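> with the sequence up front, the predicted model follows.
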Amino acid sequence: MFAEAFHADAEALLLVRPAANRIVQANAAAARLFEYSIDVLRETPVTALYDHAIGALHVLTEEALERGHAYSRDIVIRRARAEPLEVEHSALALQTAGEFHILIRISDLDARRRRSIDEEANNYHRQGLEEWRRAERFFREIERENQLILAAAGEGIYGVNADGVTTFVNPAAEAMLGYSAAELVGHDMHSMVHYKHPDGSHYHSSDCPIYKAFRQGTINTVDDEVFWHKDGHPVRVEYTSTPISDNGAHVGAVIVFRDISERKRNEEKLRSALEENARLRERLEMENAYLQEEILTQANHYDIIGNTGPIHKILQQIDLVAPTDANVLITGESGTGKELVARAIHQASKRRDRPLIRVNCAAIPRELFESEFFGHVKGAFTGAVRDRIGRFELADGGTIFLDEVGEIPLDLQSKLLRVLQDRRFERIGEEKTREVDIRLIAATNRDLKSEAAKGRFREDLYFRLNVFPIECLPLRARREDIPLLAQHFLKIACARLNIDEPLMTRANIAELKSYSWPGNARELQNIIERAAILARNGRMEFHLQGQTVRPVEERRPTEVADTIDDALAPILTAREMQDFEVANVQRALSSTNGRVSGKDGAAALLGMKPTTLYSKLKALGIDRNGQ
Ligand SMILES: Nc1ncnc2c1ncn2[C@@H]1O[C@H](COP(=O)(O)OP(=O)(O)OP(=O)(O)O)[C@@H](O)[C@H]1O
């Protein structure tokens, strides 16, 4: 084992017996070093081998024998075929069987230096490699973390190079666009996902804000565009594209985007809910304003007063038609109660919980008819500064009452006909067709049938309106209702004005009944209200002008009856005749301040002798003051 190690050692070894000046053993490395075979070395005296350095060898040997070991670099090896070698000799003293041996190791210093340089170089190399590996590990770690961050990001992120070719896509982008990263990377991004606008028109890459990011070096933020999903559906996105620069050159862009479809859907829902809200609010406001107006103008109740045949007939007709949705046409002179009847029909119908919307067609300027009926959108015409809903829309679910329907211009009559047929219309300036659920009641003081015959009213519209006609007779045709109506109007006027109710005398009634009432119930109402306000000592005076009884000398004998009773006047009872006579006499006395006789006396006014008048006053229970 020892012998094997000895022979295999890489450095030259000589086992020397100093006392005999002999080399006991040499290894292969020694043979190469001295350029002799091992056998030759064993036969060569030590001093012969070192004849050029005997002194130094001696010192080495002595020191080894003395101290057990020694080193020397003073001994040079001479070789026949090569340069002298710079070596280190180390000597180890060994004692075997009482005899000293010295083991000399000859180390090639050059080779050792070379080895240590190599070693150093190796060390450097190893260190460099290690450093490099650490850096690589570091960067790999960073990249892995970046990848994790990019993968975890909820936003879609993709990178493109300066040619617009995709270089990177994160999983969120893959999910939003339906493409895998492998399908996108290496391909032109714009032509795959951004090639057309939402309306389908071509999107030139020259207009694309993403391209601008790296062509012009600008950061571009777009808040509503579409990217196209692999399956062809649009994905609404907002995105920011940021240029990537390298040494001052734009080498691409990174695009961070977010799918905003859901948000936009919610925004749109919200917007339409707000619009609907605004529409309903506007409608409520209008209904409210309308009702307020109605309350002001319609302070009395809707009771239809009267006990005559025509009134009974009207009440029957209301009962009959109210529960249906049939169109009703109410005819009659102004003030005969047409609107009252319309309201009574609405109140008795199933639509009573929705409003009755009245449109006074006589009060609408010609050019505003359509807008008033159907509404308009902002900007539809000069002055249309905001959307406005029309009366038909306002009446949706309720009743629309077209008062003075005969005043509607011919060109609008056809549009009205369409609404009545289809229950559909459009606001001015809007294409959207709207549907309404309305019941129509119309009123007129014109003879629409003859208007239609003269071409001033559409016949087809007339027939459609006239499904259920109701006629309101003039007051002079139902004088028996006057006392009841007068009392009714007096009661509500005094309640409204908060004044004491004056007495309605028989003479008052007689006077009211003798008047021809061209303004019908409305005129009666006004006269009563004025008289109630002006009443003195609880007594009213009416001062009826015009169509009442004139002084007798101005009239033909039969004219009194003519004035009082026109063709439609009813026949008076004896009692009514007496009331009438009382009122007549009272009026005569009041106009002469109680004077009976003489040229200006009441008897002259009445066309009778003063004595006759005195006895009449007595018989009728009237004093000279007309009481
Ligand atoms: N039979 C009646 N009973 C109680 N009030 C009545 C009656 N007829 C009319 N009136 C009252 O007389 C006034 C006028 O009636 P209304 O406005 O209905 O008439 P109109 O025919 O619609 O008039 P116009 O054609 O001028 O619009 C109202 O205050 C109404 O309440």
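Happy to help now that I have it.
> for the residue in the stretch 1-150 of the chain that the ligand sits nearest to, which non-adjacent residue is closest in space?
The ligand sits closest to Leu150 of the stretch 1-150 of the chain, with a gap of 77.8 Å, by C-beta to the nearest ligand atom. In this view, the C-beta of every residue, glycine as well, is placed from N, C-alpha and C. Distance criterion C-beta to C-beta, 6 or more residues apart in numbering; nearest residue to Leu150, sequence neighbours excluded, is Asn170 at 4.5 Å.
> contact partners for the one you found?
Contact analysis of Asn170 by C-beta atoms under 8 Å, 6 or more residues apart in numbering lists Leu150, Ala151, Ala153, Gly156, Ile157, Tyr158, Ala181.
> which one of these is nearest to Cys472?
Nearest to Cys472, judged by C-beta to C-beta, of the contacts of Asn170 is Gly156 at 74.4 Å.
> tell me the helix or strand right after the strand or helix carrying the residue of the stretch 1-150 of the chain closest to the ligand.
Using DSSP states H and E, Leu150 sits in helix 109-152. Reading on from helix 109-152 to the C-terminus, the next helix or strand found by DSSP H and E is strand 156-161.
> which outside residues touch the helix or strand following that following strand?
Note on strand 156-161: by DSSP H and E, the next helix or strand toward the C-terminus is strand 166-169. The contact list for strand 166-169 (C-beta under 8 Å, 6+ apart) reads 150, 157-161, 179, 181, 184-189, 192, 252.
> can we see that at 6 Å?
Tyr158, Gly159, Val160, Asn161, Ala181, Leu184, Val185, His187, Met189 (C-beta atoms under 6 Å, 6 or more residues apart in numbering).
> again with stretch 454-474
Here stretch 454-474 has contacts from 310, 317, 321, 326-333, 336-338, 341, 413, 417, 420, 442, 448, 451-452, 520, using C-beta under 6 Å, 6+ apart.
> quick one: mean pLDDT over that stretch.
For stretch 454-474, the mean per-residue pLDDT is 94.
> how about low-confidence regions in the stretch 251-400 of the chain?
287-302 (pLDDT under 70).
> contact residues of it facing the ligand?
Asn300, Ile304, Ile305, Gly306, Gly332, Ser334, Gly335, Thr336, Gly337, Lys338, Glu339, Leu340 (C-beta under 6 Å from any ligand atom).
> which parts of this structure sit against the ligand?
Taking C-beta under 6 Å from any ligand atom as the criterion, the chain approaches the ligand at residues 300, 304-306, 332, 334-340, 403, 443, 445, 472, 485, 488, 521-522, 525.
> for the ligand, what is the nearest residue in the stretch 201-350 of the chain?
Using C-beta to the nearest ligand atom, the closest approach of the stretch 201-350 of the chain to the ligand is made by Gly337 at 2.7 Å.
> can you list contacts of the helix or strand where Ile330 lies?
Applying DSSP H and E as the criterion places Ile330 in strand 328-332. Residues outside strand 328-332 that contact it (C-beta under 6 Å, 6+ apart): 321, 338, 341, 441-444, 465-466, 468-472.
> can I have the buried ones of those residues as a ChimeraX selection?
Selection of the buried residues among these in ChimeraX, burial being defined by 16 or more other C-beta atoms under 10 Å:
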select :321,338,341,441,442,443,444,465,466,468,470,472
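> include secondary structure when you put the contacts of strand 328-332 into JSON lines, please.
Formatted as JSON lines, those follow (DSSP: H, G, I helix; E, B strand; the rest coil):
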{"residue": "Val321", "secondary structure": "helix"}
{"residue": "Lys338", "secondary structure": "helix"}
{"residue": "Val341", "secondary structure": "helix"}
{"residue": "Ile441", "secondary structure": "strand"}
{"residue": "Ala442", "secondary structure": "strand"}
{"residue": "Ala443", "secondary structure": "strand"}
{"residue": "Thr444", "secondary structure": "strand"}
{"residue": "Leu465", "secondary structure": "helix"}
{"residue": "Asn466", "secondary structure": "coil"}
{"residue": "Phe468", "secondary structure": "strand"}
{"residue": "Pro469", "secondary structure": "strand"}
{"residue": "Ile470", "secondary structure": "strand"}
{"residue": "Glu471", "secondary structure": "strand"}
{"residue": "Cys472", "secondary structure": "strand"}
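> for the contacts of strand 328-332, which one is nearest the ligand?
Distance to the ligand across the contacts of strand 328-332 (C-beta to the nearest ligand atom) is lowest for Lys338, with 3.3 Å.
> thought the closest one was touching Ala443?
Yes: with contacts counted by C-beta atoms under 6 Å, Lys338 reaches Ala443, the gap being 4.1 Å.
> name the element Asp396 belongs to?
Going by DSSP H and E, Asp396 is not in any helix or strand.
> I figured it was touching Arg434, is that so?
No: contact criterion C-beta under 6 Å: Asp396 and Arg434 do not qualify, at 8.8 Å.
> is Phe100 part of a helix or strand, or is it coil?
Three-state call for Phe100 (three-state DSSP): strand.
> typo on my end, Val87
Secondary structure, three-state DSSP: Val87 is strand.
> for it, which residues make a bridge with it?
Note on Val87: beta-bridge partners by DSSP bridges are Asp108.
> state the number of residues packed around it.
21 (other C-beta atoms under 10 Å).
> that one against Arg78, yeah?
No: counting by C-beta under 6 Å, Val87 stays clear of Arg78, with 10.9 Å between them.
> tell me the centre residue of the chain?
The centre of the chain sits closest to Arg271, judged by C-alpha atoms, centre = their mean, with a distance of 1.2 Å.
> which helix or strand contains that one?
In the assignment (DSSP H and E), Arg271 maps to helix 261-297.
> which SSE is immediately downstream of the lowest-mean-pLDDT helix or strand in the chain?
Ranking every helix and strand in the chain by mean pLDDT, DSSP states H and E puts helix 559-564 at the bottom, with a mean of 40. The C-terminal neighbour of helix 559-564 among helices and strands, as given by DSSP H and E, is helix 574-591.
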